[in-house]
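[1] Quick check, what structure comes out for this input:
(one chain, ligands or ions: 2)
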Amino acid sequence: MFNQDILNRFQNEETPFYYYDLNVLQQTLDACTNAANRYNFHVHYAMKANFNPTVISKIRQAGLGADCVSGNEVLKAAEVGFDPSKIVFAGVGKSDKEINQALDLDIFSFNVESLQELGVINSLAGVKGKKAKVAIRINPNVDAHTHHNITTGLEENKFGINQWELNDCADALRQSPNLELIGIHFHIGSQITDLNVFKSLCVKVNELHQWFEERGFNLKVLNVGGGFGVDYHHPDTNTIPDFEGYFKVFDQFLERKPAQEIHFELGRALVAQSGSLISRVLYVKNGIKKNFLILDAGMTELMRPMLYQAYHKIENISKGDVAESNKYDVVGPICESTDCFGKEVELPASERNDLIAIRTAGAYGEVMASGYNLREKVKSVYS
Ligand SMILES: Cc1ncc(COP(=O)(O)O)c(C=O)c1O
Ligand SMILES: N[C@@H](CCCC[NH3+])C(=O)O
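    Ligands and ions are numbered 1, 2, ... in the order given. Predicted coordinates:
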């Protein structure tokens, strides 16, 4: 990924920064849209994964819709040119202000996460003399077999409406003149690599789809969310996720009516491999039990390893393949003991000023950066 031209360019940049390889991003988008088009599936990009302006503008140009989780994401999506008819808005805690902003934009759908929220959207739409399009986000109680902290579709999770509330939900919809039910929505978790999980989701969606049809609701949309994972261990040899295999599962196992639209909300799978966090070694500290590489990037720039014990491949891109290697705990400068990107990482013998790449950082990296310790906002570089 890092040829000599790029390395020369990096030498002149102040670190740390996010590097986005826009070719990788384009290849990923092409692979996704080609596979989705084959099945006539609609993909909305989950903006929460990365709302860097250059990245989202490329995604918009690829023709995807936007899946938003806050009023500001909805506004940003519209501002960068996503057609409001392709914007959906999920989230367990939509404020009145956020709902009103989305109503003003006439977005495609509110993915509603509680009975109470249905009532609030009905009232706010009524005040504006509008009919809001809604999809019911149902908690399907399907185990995503991913990290506990990024599972969203189990009964213990706060997301979506529980199945035992669906009768009340159907009654509320019948009594809400300012709502139009367009579909049902699911999202069971993130970084899912076992496709059987999606098969189980399809079985559940079919069951709940039928439940609504039996009660006289004609669903235009089945939205199965996102969650498709990437290979954090092999960013160079398994760069583009197998979108074809992923969509095929839904084509095979989801029962859909001829005019019905199938919607997806992919985030990580589209952007993760195109981004790396680039930093410099500030100090090498050799201890009795441990050697530390102290970087100029920390948990304030990339929080995933500290928050989820997530693995990211770490490379010394200044040294390349040299014979002598050492084991290091690769840490940041932040005043927290958990500020560690990886323990006992095998790297070439490293020195002050070497450039270190932390790979597969294009999703939930830059967007989760913080200003803790009064750190500067992290910059971006593109090629
Ligand atoms: C409702 C919803 N849709 C889509 C996504 C995108 O997930 P991912 O980045 O795993 O594809 C998320 C995040 O997990 C989400 O909460
Ligand atoms: N932020 C998480 C994913 C959460 C997805 C949003 N529900 C991660 O870095 O893996």
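[2] The closest residue to Ala259 other than its chain neighbours and His187: what is the separation?
    Distances taken as CB to CB, 6 or more residues apart in numbering place Lys220 nearest to Ala259, at 7.4 Å, with adjacent residues excluded. To be clear about C-beta, it is placed using only N, CA and C from the backbone, and glycine gets the same treatment. Applying CB to CB, to the nearest Å, one obtains 19 Å for the distance of Lys220 from His187.
[3] Work out the gap between the least confident helix or strand in the chain by mean pLDDT and the centre of the chain.
    Ranking every helix and strand in the chain by mean pLDDT, DSSP states H and E puts strand 161-162 at the bottom, with a mean of 90. The chain centroid and the centroid of strand 161-162 are separated by 22 Å, computed with CA atoms, centre = their mean, to the nearest Å.
[4] Can it be said to contact ligand 1?
    No - residues of strand 161-162 are not located near ligand 1 by CB under 6 Å from any ligand atom, the shortest gap being 13.2 Å.
[5] Likewise for stretch 26-46?
    Yes - Stretch 26-46 lies in contact with ligand 1 when judged by CB under 6 Å from any ligand atom; the contacting residues are Ala46.
[6] coming back round to it: mind listing the strands the least confident helix or strand of the chain pairs with, and their directions?
    Each strand paired with strand 161-162, and its direction, by DSSP bridges: strand 132-139 (parallel).
[7] hmm, who's touching the strand it pairs with?
    Contacts made with strand 132-139 from outside it, assessed by CB atoms under 8 Å, 6 or more residues apart in numbering, are listed as 88, 90, 103, 107-113, 118, 121-122, 124-125, 153-155, 157, 159-163, 166, 169, 178-187, 208, 221, 223.
[8] Can I get the buried part of these as one PyMOL selection?
    To isolate the buried subset of the contacts of strand 132-139 in PyMOL, counting by 16 or more other CB atoms under 10 Å, use the following:
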select buried, resi 88+90+103+107+108+109+110+111+112+113+118+121+122+124+125+153+154+159+160+161+163+166+169+178+179+181+182+183+184+185+186+187+208+221+223
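[9] Could you tell me which of the contacts of strand 132-139 belong to strands?
    The members of those that map onto strands under DSSP state E are 88, 109-112, 161-162, 179-185, 221, 223.
[10] Could you list the low-confidence segments of the stretch 51-200 of the chain?
    Residues of the stretch 51-200 of the chain that meet the criterion pLDDT under 70 lie in 150, 153.
[11] which stretches of it form helices?
    Assigned by DSSP state H, counting those that start in this stretch, the helices in the stretch 51-200 of the chain fall at 53-61, 71-79, 96-105, 115-127, 166-174, 195-214.
[12] With distance to ligand 1 added, can I get the ones you listed in JSON lines?
    Putting those into JSON lines (distance: least, CB to the nearest ligand atom, whole Å) gives the following:
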{"stretch": "helix 53-61", "distance to ligand 1": "13"}
{"stretch": "helix 71-79", "distance to ligand 1": "11"}
{"stretch": "helix 96-105", "distance to ligand 1": "15"}
{"stretch": "helix 115-127", "distance to ligand 1": "14"}
{"stretch": "helix 166-174", "distance to ligand 1": "18"}
{"stretch": "helix 195-214", "distance to ligand 1": "12"}
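[13] Which residues are in contact with the residue of the stretch 51-200 of the chain at minimum distance from ligand 2?
    With distances taken as CB to the nearest ligand atom, the stretch 51-200 of the chain approaches ligand 2 most closely at Ser190, which sits 4.1 Å away. Shown in contact with Ser190 (CB under 8 Å, 6+ apart): 144, 146, 150, 152, 226-227, 229, 267-268.
[14] Among the residues you listed, which one has the most neighbours?
    Going through the contacts of Ser190 with other CB atoms under 10 Å as the criterion, the one with the most neighbours is Gly227, at 30 neighbours.
[15] Wait, it touches Gln191, no?
    Yes - contact status for Gly227 versus Gln191: in contact at 7.3 Å, counting by CB atoms under 8 Å.
[16] Tell me the residues that contact both of these two, please.
    Thr146.
[17] could you pull out the strands for the stretch 201-350 of the chain?
    Across the stretch 201-350 of the chain, reading from the start of the chain, the strands by DSSP state E, counting those that start in this stretch fall at 221-223, 261-266, 275-286, 291-295, 314-316, 325-331, 340-348.
[18] In TSV: these, plus distance to ligand 1 and mean pLDDT.
    Rendered in TSV, the data for the strands of the stretch 201-350 of the chain read as follows (distance: least, CB to the nearest ligand atom, whole Å; pLDDT from 0 to 100):
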stretch	distance to ligand 1	mean pLDDT
strand 221-223	9	98
strand 261-266	4	98
strand 275-286	13	97
strand 291-295	26	97
strand 314-316	22	97
strand 325-331	25	95
strand 340-348	21	97
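[19] Ok, which of those comes nearest Arg359?
    Nearest to Arg359 among the strands of the stretch 201-350 of the chain is strand 275-286 (5.2 Å), distances taken as CB to CB.
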